[in-house]
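Visitor: Here is my input, please return the structure:
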Amino acid sequence: MEDYDAFNEMQNIKSKKSIAIIEDDENFVIENLLDSTFEIMLIRLSYDLSCFSDNYIDKTKALFTFYYNEKNSYENELLRLKKHFIHYQRKPSIAYIPHNNKYSKLEKMLIEIGIKCVSNKQQFIKIINSNKLIFIDSDATLKKTNGTISERVKKAIQKNREIGNKIVISTARPRYQTLEVMRESGADSIIVSSNGSEIYDSNNKNIIFNSFVDNDEIIKLVEYAYSLDIRLILVMEDYEYVTKNIRNPNQKLLDKNNYKNELAKCNVKQCMFIDKKSNEIYKMKDILFQNDKLHIVDEINENSSYEEKWFSVANSNCSKGNALRILSKYLNIPIEDTIAIGNDKNDISMFEVAGLSVAVANASDNIKNKVDHVTLSNDEDGVAVFLETLL
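Guide: Numbering: from 1, shown residues only. So this is what the prediction gives:
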C-alpha cells in the first residue's frame, strides 16, 4: 500500500517540519521543495509513475509516498492517514491539495485530523517559508522566579515547533546547563550558551559557532582573581574551572600552583567574576573596561538584592545578538523573521538585531523601553502568552 522504509518510518523526527503535497507538478517539487529543510510527504493516486520523468523519480525516491485510493472507504483512508500522521509522529502541519473534485474526500480527511490544506502553490510556498526563528532567554524569562518552567510555556513551545517555528534557548548559562533547559522546555536542539560564545546543535553534536578568550588574557584574569581573592569561573565546553568554591559536579578547582599548565590547552568561552566582595568585583570590572580584547556580556542588575555581585566577559565578537545573526544566516531565515524574548542587559544585543523584540513585564523599565512589545511577567507565563499569538 505505501512505498516507504519501515525503519525510517518508525523514526521520530519532531525536529523537522513535515509537509504533504499532491504530486501533480514535478517542476514545482524540484524547484521549490527538494532543497528545503522540510520533510516532504508525496501523495499519489496510483503506483503509475509514467507521467513523471526518470530524473524526477530518482530525485524523489527517498521521500515518503502515500497512495490515496478513492475506491477505499472513507473510514479506511482516514484510519490509514491517522496511523502515519499521528502514530508515527509524522503529521504534516500543512498540505498542498489542488482544487479538484477527485481530491475532495482526501482534503476533508486531512482537515478533520488538523492539517491545514492550501490549494494555491504560491500561497503554499509563502506559508511554509514564513517560519520564525525565536530566541528565548532562560532565567527570569522562560523560567518562573522559582526556577520552574510551566506546562503552558512548554505547550506553547511545542505548538510553535509544530507549525515550523524554531525555538532556540539563548542564555548566559554554560552548555551543560543550557542543554537541561532545552530538554525540559521542549525547545529545538540548537542552543546558544555563554551569552553567544557558542552555538551548538545537540542532535548532531555539532558546534555551529564558538569563540574563545585568548589564553594570555585568561592567565591575567586568573592572576587578578587570586590577587583580589575573588571567585572566577572559566567556562569550557562541558565543565568549568573555578579559582575557589566548587558548587556543582561540573566544576573543577584550579590548581593555584599549576594553573598555567592546566589552562595551556583549554578553550575558555566565558569568564565570570562572582563574589560577596562587591568592592573588589567593581574594581575588577573597572580594570576590564580598559581591555579592548574583551567585553562585558552580562552583569548583575544594579538594583538586585542578591548578596553576591558578578559580571561576565567574553571575546569582543560574542553576544546574543551576534549569535542571532549567525544562526539566522545558517538556517536561511531572514533577520526580519526573527524574534528575541528576554528580560535583562545581556538580551539587549539580540533586541537590537531581531525583527521583533519582546520583554517580559518583570524586566526593568530601561529594558522595556528598548523593545517592540512587552508581554506578561515570567511568573504569569508571559513567554507562553506571546508565543500563543503566533499560532
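
Visitor: For residue 346, list the residues it contacts.
Guide: 137, 172, 195, 297-299, 319-320 (Cβ atoms under 8 Å, 6 or more residues apart in numbering). Any C-beta I mention is one placed from the backbone N, CA and C, and that applies to glycine too.

Visitor: which of the residues you listed are buried?
Guide: 137, 172, 195, 297-299, 319-320 (16 or more other Cβ atoms under 10 Å).

Visitor: Out of the residues you listed, which sit inside strands?
Guide: 297-299 (DSSP state E).

Visitor: Let me have these in TSV, extended by pLDDT.
Guide: What follows is these, written out as TSV (pLDDT from 0 to 100):
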residue	pLDDT
297	90
298	88
299	90
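
Visitor: between those residues, which is nearest residue 30?
Guide: residue 297 (44.5 Å; Cβ to Cβ).

Visitor: Check residue 89 and give its pLDDT.
Guide: Residue 89 carries a pLDDT score of 57 in this model.

Visitor: Actually, residue 47.
Guide: 76.

Visitor: how about residue 358, secondary structure?
Guide: strand (DSSP: H, G, I helix; E, B strand; the rest coil).

Visitor: Helix or strand: which one has residue 349?
Guide: helix 348-353 (DSSP states H and E).

Visitor: Report the buried residues of that helix.
Guide: 348-351, 353.

Visitor: Kindly present those residues as a markdown table, with separate columns for distance to residue 30.
Guide: Listed next are those as a markdown table, based on distance: Cβ to Cβ, whole Å:
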| residue | distance to residue 30 |
| --- | --- |
| 348 | 43 |
| 349 | 40 |
| 350 | 36 |
| 351 | 40 |
| 353 | 34 |
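
Visitor: now, the most widely separated pair of those?
Guide: Longest span within these, Cβ to Cβ: 348 and 353, 9.9 Å.

Visitor: tell me, what's touching the two both at once?
Guide: With Cβ under 8 Å, 6+ apart as the test, residue 348 and residue 353 both reach residue 321.

Visitor: which residues of the stretch 51-200 of the chain fall in helices?
Guide: Assigned by DSSP state H, counting those that start in this stretch, the helices in the stretch 51-200 of the chain fall at 54-60, 74-82, 104-112, 121-128, 151-162, 175-185.

Visitor: and the last one, what's its mean pLDDT?
Guide: When you say that, I think you mean helix 175-185. According to the model, helix 175-185 has a mean pLDDT of 97.

Visitor: distance of the residue lying closest to residue 26 once chain neighbours are set aside from residue 34?
Guide: Distances taken as Cβ to Cβ, 6 or more residues apart in numbering place residue 56 nearest to residue 26, at 4.1 Å, with adjacent residues excluded. Computed as Cβ to Cβ, to the nearest Å, the residue 56 to residue 34 distance reads 10 Å.

Visitor: quick revisit: out of the contacts of residue 346, flag the one nearest to residue 252.
Guide: Distance to residue 252, by Cβ to Cβ, is smallest for residue 172 among the contacts of residue 346, at 20.0 Å.

Visitor: tell me the centre residue of this protein?
Guide: residue 168 (1.8 Å; Cα atoms, centre = their mean).

Visitor: That one is in contact with residue 187, isn't it?
Guide: Yes - Residue 168 is in contact with residue 187 according to Cβ atoms under 8 Å; the separation is 6.6 Å.

Visitor: Between these two, which contacts overlap?
Guide: With Cβ under 8 Å, 6+ apart, residue 168 and residue 187 have common neighbours residue 136.

Visitor: ok so, going back, so what's the residue nearest to the centre of the chain up against?
Guide: 133-136, 187-188, 190-192, 327.

Visitor: next one: phi and psi at the nearest residue to residue 299 once chain neighbours are set aside?
Guide: Spatially, and ignoring its direct neighbours in sequence, residue 299 is nearest to residue 311 (3.7 Å; Cβ to Cβ, 6+ apart). Dihedral angles phi and psi of residue 311 (degrees, to the nearest 10) take the values phi -160, psi 160.

Visitor: For residue 311, give the beta-bridge partners.
Guide: Residue 311 forms beta bridges with residue 273, residue 299, as assigned by DSSP bridges.

Visitor: burial count for it?
Guide: 19 (other Cβ atoms under 10 Å).

Visitor: same question, residue 206
Guide: Neighbour tally, residue 206, other Cβ under 10 Å: 11.

Visitor: So it versus residue 324, what's the distance?
Guide: 18 Å.

Visitor: try residue 99
Guide: With Cβ to Cβ as the criterion, residue 99 and residue 324 are 40 Å apart.

Visitor: which of the two has more neighbours?
Guide: Higher neighbour count among residue 99 and residue 324: residue 324, with 28 against 9, using other Cβ under 10 Å.

Visitor: Check the more buried one and give its pLDDT.
Guide: The predicted local confidence for residue 324 is 98.

Visitor: pretty sure it is in a helix, no?
Guide: Yes - the assignment for residue 324 is a helix, going by three-state DSSP.

Visitor: Could you number the chain from 54 rather than 1 from now on?
Guide: Okay, using 54 as the starting number, the last item reads as residue 377.
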